[in-house]
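1. Kindly return the folded structure for what I paste below:
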Amino acid sequence: MVLIKKYWDHSASPSQWVIKRGDSEIFRGTFDDGVLFLKSLDNGGMINFKGDYLPAMQKLRKYCQSGFKLERELRREILKLKKENKELKTKLPRKLRNENK
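-> So this is what the prediction gives:
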C-alpha cells in the first residue's frame with residue numbers, strides 16, 4: 001500500500017498544498033484544488049461536475065468579483081486625489097508653485 005502525504009510547503013510564495021505518493025510529488029497548488037485532486041483519485045480520475053467543479057468555480061468567481069470591485073474603487077480614489085492635487089496646485093501662489101517643481 002502506497003502512503004499519500006499531504007502538507008503545506010511554506011518555502012514557496014504563496015504557500016502551496018503538496019500531495020506526495022511515496023517519493024513522487026503528484027500535486028502542488030491550492031488547498032481547494034488539492035481536495036478536488038484527491039476526490040478525482042478516489043473516483044478513478046473523475047469528479048462530479050455539479051457537486052465539485054461548479055462550487056469551486058463559484059468561489060473563484062466571488063474572489064475575482066471582489067478583486068475587480070476593489071480595483072475599481074482604487075482607480076476612483078486615484079482620480080479623486082489627482083483632481084484634488086490639481087485644484088490645490090492652482091490655488092497656490094505662483095511663487096510657491098515654481099518652488100515645488
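2. What strand or helix carries the residue nearest the centre of the chain?
-> Central residue of the chain (C-alpha atoms, centre = their mean): Tyr63, 7.3 Å from the mean position. For Tyr63, the host element (DSSP states H and E) is helix 54-91.
3. Report the contact partners of the residue nearest to the centre of the chain.
-> By C-beta atoms under 8 Å, 6 or more residues apart in numbering, Tyr63 lies in contact with nothing. In short, each C-beta sits where N, CA and C put it, glycine included.
4. Just name the shakiest helix or strand of this protein by mean pLDDT.
-> helix 94-99 (a mean of 64; mean pLDDT, DSSP states H and E).
5. For the closest residue to Tyr53 other than its chain neighbours, give its distance to Glu71.
-> Leaving aside its sequence neighbours, Tyr53 sits nearest to Ile47 (C-beta to C-beta, 6 or more residues apart in numbering; 6.0 Å). Applying C-beta to C-beta, to the nearest Å, the value for Ile47 to Glu71 is 31 Å.
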